[in-house]
Structures are given as C-alpha cells and as structure tokens.
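Undergrad: give me a model of this one.
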Amino acid sequence: MAACLTAVSTLGAGLIMPITAVADDATPAVQTTTTSANVRAAANTATADPIASFDFNSDPDDGAFASAQGDAKATVQGTVDLVNGKDDDNGKAAQLGSGFWLNVTKSDGSALLNGLDDVTISYDSKAAATGGQWTVFAAPTAGAVNGSAPTYVGVLDRTDKTRVERYLNGRASDIATIDKNTGTKDAWKHVDLVISGKTAKLYVDKKFVASNVNGEDLKSILGGSGGVLQIGKGNWGNGEYFTGLLDNLTIYGSALSAADLGIASPTAIEISGSNVKDGKLSLKEGNSASLSATVTPEGAEPTVTWESNNPAVATVDTNGKVTGVKAGTATITAASEADAAKTAELKVTVTEVKADDAYGYVMVHFIENNKGYAEKIYLDISRGDDATQWDTLNGGEPILVSNESTTGVRDPFIAYNPESKTYYVLATDLRVFGGDNAGWGTWATGYSTKLHVWSSKDLIHFNDMTELETATADKYTANPNKSQTLTDSVTGKTISEIGMAWAPEATWVPNFYDLN
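TA: Residues are numbered from 1 along each chain as shown. As a prediction, the model looks like this:
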C-alpha cells in the first residue's frame, strides 16, 4: 500500500487547501451519490363474494377440490395429503410439498384470473422452511420461468418472512417487490394479499405490513388467456414448492378494503416532519418540506390523503410534500383512507422571500458513466436548510468543463474567501471511462497528477481555469516519471516523489498568515 502524505498550498490570503497525495500504486476511490424518494400507496377497494373458496375439510372429488363459493376448482397435482387444520376442530388443512400442490381454475378448466386487474387472495399458512416456499404463483403459462425475463405474480411464504414478487419481462431491480419479516417458526399466520392495478398491499394476522405501487397490472402480467394460478408451486427451474400447511384459501375478484378484511380501524393520526413544531410549520416562498402521517393503532391501514385548504398559499402532493407558494396561511389535512373521519391538521405559514434572504446551500458534483463521457461539474442548491432536497441550477447543464490534460474533472469542492468575496471551485484532473480504454490500472497510476481551480464572484461568471501541478507525467502513461517536489507553504519543507493528488478541499482561516 502506498504511503499517504498531506501538503498545504494557498489560494489567496486565508484560504488553505489540504491536498491528499500518494505515490505510485494508490488507487483513488470512486465517488457515488444516492438519493431516495418516498412512495405512498393509493387505495382502490371493493366488496364482492369470493370467486373461489377452499377449506379442505372434504376429500377431493375426481381429483379436484370443489369451491365452496364461486365457480372454481383446485385440481390436485400429486398425492393429496390432508392433516388437522388450524383450529384442531376436526377441520383439515392441505399438507403441501413437492408431492402435493394445486392448480386452481374455473370449474370448466379455464383461467380463474382472466380479465382481472383487482384481486384479493387470503389464506392461513404454517410454513416449514425458508427456501422457495411459493404459496401462490400466477403466470402466463405453466412453463418454466424465463430467467432473463421473468413474468409472474408470486407469494413466497417462509418461516421468517413473506415476500410478494410482481415481474413483467424482468425483475426491474425488484421495484415492485414486498419483502418483510412476518413469520414465526412452527406457528400459523393469516395472509391477505390485495392487488389493485399497480398497487399491492400485504396484511399478516390482520395487520398492515407493507404496500408497493410500482407493479404492472395483473392483466398485463398474465396475458390475454389469464394464465395459470398454482398453489404450492413456483415454476423456477424444475419447480420450487411450498413446504407446510395451508388452509382456508379464499380468492376474490376485487380489491377488498382494510375494513372488509377486518383490519383494525385507525383511531388517530399524527403529522410530523422537519421544522414542524406544535402542529405548525413555517416556510419561505418557494421552499418545501416533507410531512409524514403516523396512523394508530399499529397495524391499521396507514394510507392517508393530503389536502390543502388554500393551495394559492401552500400546496401539498400525494406524498405529503408541502411547498410554499406565496405569503399567507394554509391548513394541511391528512385524512385516513380507511376512515375519512379520522384526520389531522397542520397550520402552515408562508413568509415572503426578500432579495437579500439566504436561500439554501450551494452544492457541486460531477457525473460519470462508462460510455466515454468526460466528467463535468454541476451546481445544485438545497431547498432552504434541508440539504436532503435540492434543485439543479443552470438548467441541469454543467457549469464548468475542462479541455486540458485528461479533459475530465472530478471530486469538486467549493470554498469562499469572505475578504475578497470570491468563490473557488477545486477539482481533480481525472477522466475515467474516457474513451482511451486505458483501464483502471492506468487511470489509477498515471492520472490525477493535476488539480484544477476556478474562481468566481457570483458563481455565474468564472475566471479561466488554473492548473496546479502535483506531479510530472509523460502524457499520462501507466508509469510516468514522478520526480516533482511539492513545497509546504507554511513549513517550507518539501515533499518529493509526489505521484498523484485528488479530492482537494479548502477551508477559510482568518488571519492565516499569523500562523507563521
């Protein structure tokens, strides 16, 4: 591992810049930024009789269980195995496994889910494994899943968790998946899965667990034929099976509401968020704040709707994001979708923005990709004091680029000299994936030999770029002749054999020269 050295150079009186420099074999770290956003599920409820219902208290007739309600049957695959049910009251449950699973259809053998976008599937289960464990699997065909483009809706019911997967021609980073710890080994649980269009909601033991609004609708997944509905088997490879007990399987051709399912009704709602105090929120014009609503009791349907009584002053979106429009007051209301009578209110006061008001924090960043894009510097500004939310400046276009050396600029840092009222933007001279196909070996040993500096009075107009040499290199070859020396401007000492330098930072220190 190469030794790391720290030197200090100056950019005008009082502005000091620590430089991390390494010799020969050090590799600069790649910088990434991740953001996230909250999503709220939309409700779509309906009430109807079941289209299929099986309690397994009677033996199958002619190889199939007849539905107690609706026009459906569950055809036995393998050898039927019925054991004592959930309540041990002479009722039976299906002991599912690789030797016994069910194919559920209409009585005439046609697809039970054909034409449906809303469906509710309820059952009791006692899982016995943590593997594949497919209690429910609906797909366009009974064939094996195409691993490169999986298409199905499935429920994995395990001893430790319940997972709902919805795929259409690919996993798409599992954006439509619900995966929650819900199981208790050797114990029964009740599962309700409600699918309505792009939304899926999972309830376990009459409590809300999770929702997801990013799925594809059921008709698109199952296709025009309505596909297949299998209980106890998923079609990955040669088959993945649920091992355990299943009872009281009920399927509705509609999306049941939380009340229909017997989920606890909300009793209270509390609104919270950054800068919320005593049920009040203050915003500047143009600023935003994110609110959240907590519904009690635990396990009640948590979905709420948001509304502003004065959107000319403050608006609120479906996720609880409030934005100040103009000076004045407004009341934001969160109402339970399960019980509209349960609400909470928040008073929002919006104040006028004056020309000399501080708005937010300026942030600089760069973007890279693996398609030869030369890194450039971009500018953003936070929304007030909340640095987790920001807006891009300059229309999302870069503010600074380099046509010198490697033609890439990375690891930007912004600093300010209050005496000269000058901003400085510092960056590494480095371009990776830059079209030269040099590879990480060369990028990590032959580049990052310069630092770039720009200055500006207003962050709109910048002076020409200044290059700070930290090492010599012959056209950025993999093994440059690193013989440059760097002098510490404070101590006067020299540091020789500087090979690379990156990620510069600068700090304002008043009366800096007094340090000497």
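Undergrad: what's near enough to touch Ala450?
TA: To be clear, residue 450 is Lys; Ala isn't right here. By CB atoms under 8 Å, 6 or more residues apart in numbering, the residues touching Lys450 are 405, 429, 467-470, 501. (Glycine included, C-beta is placed from N, CA and C.)
Undergrad: turn the residues you listed into JSON lines, including pLDDT.
TA: Output for those, formatted as JSON lines (pLDDT from 0 to 100):
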{"residue": "Ser405", "pLDDT": "82"}
{"residue": "Asp429", "pLDDT": "87"}
{"residue": "Glu467", "pLDDT": "86"}
{"residue": "Leu468", "pLDDT": "83"}
{"residue": "Glu469", "pLDDT": "78"}
{"residue": "Thr470", "pLDDT": "75"}
{"residue": "Ala501", "pLDDT": "80"}
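Undergrad: I'd like to know which of the residues you listed are buried.
TA: Buried residues within the contacts of Lys450, counting neighbours by 16 or more other CB atoms under 10 Å: 405, 429, 468, 470, 501.
Undergrad: what's the closest of those residues to Gly395?
TA: Asp429 (25.9 Å; CB to CB).
Undergrad: could you point out the bridge partners of the spatially closest residue to that closest one that is not a sequence neighbour in the sheet?
TA: With sequence-adjacent residues excluded and distances taken as CB to CB, 6 or more residues apart in numbering, Asp429 is closest to Lys450, at 3.9 Å. With DSSP bridges as the criterion, Lys450 is bridged to Glu469.
Undergrad: quick revisit: looking at the contacts of Lys450, which is nearest Ala314?
TA: Asp429 (46.0 Å).
Undergrad: who touches that closest one in this structure?
TA: Asp429 touches 402, 404-406, 408-409, 447-452, 467, counting by CB under 8 Å, 6+ apart.
Undergrad: now those: which count as buried?
TA: Here, 16+ other CB under 10 Å leaves 402, 405-406, 408-409, 447-452 buried among these.
Undergrad: any chance of these in TSV, plus secondary structure and distance to Lys86?
TA: Output for these, formatted as TSV (DSSP: H, G, I helix; E, B strand; the rest coil; distance: CB to CB, whole Å):
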residue	secondary structure	distance to Lys86
Ser402	coil	69
Ser405	coil	72
Thr406	coil	68
Gly408	coil	64
Val409	strand	65
Tyr447	coil	66
Ser448	coil	65
Thr449	coil	71
Lys450	strand	72
Leu451	strand	69
His452	strand	69
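Undergrad: quick check: which of the residues you listed has the minimum pLDDT.
TA: Least confident of the buried ones among the contacts of Asp429 in the model: Tyr447, at 76.
Undergrad: so what's Ala503 closest to, chain neighbours aside?
TA: Once flanking residues are discounted, Ala503 sits nearest to Asp411: 4.1 Å by CB to CB, 6+ apart.
Undergrad: am I right that that neighbour falls within a strand?
TA: Yes. Under DSSP: H, G, I helix; E, B strand; the rest coil, Asp411 sits within a strand.
Undergrad: looking at it, it is touching Thr428, isn't it?
TA: Yes. Look at Asp411 against Thr428 with CB atoms under 8 Å: they come within range, at 4.5 Å.
Undergrad: more neighbours: which of those two?
TA: Thr428 (28 against 23; other CB atoms under 10 Å).
Undergrad: now do the contacts for the more buried one.
TA: Thr428 touches 28, 409-411, 448, 451-452, 501-504, counting by CB under 8 Å, 6+ apart.
Undergrad: any stretches of the protein with poor pLDDT?
TA: Counting by pLDDT under 70, the chain contains low-confidence ranges at 1-47, 88-89, 173, 369-372, 433-438, 440-441, 443-444, 471-490, 495-499, 512-516.
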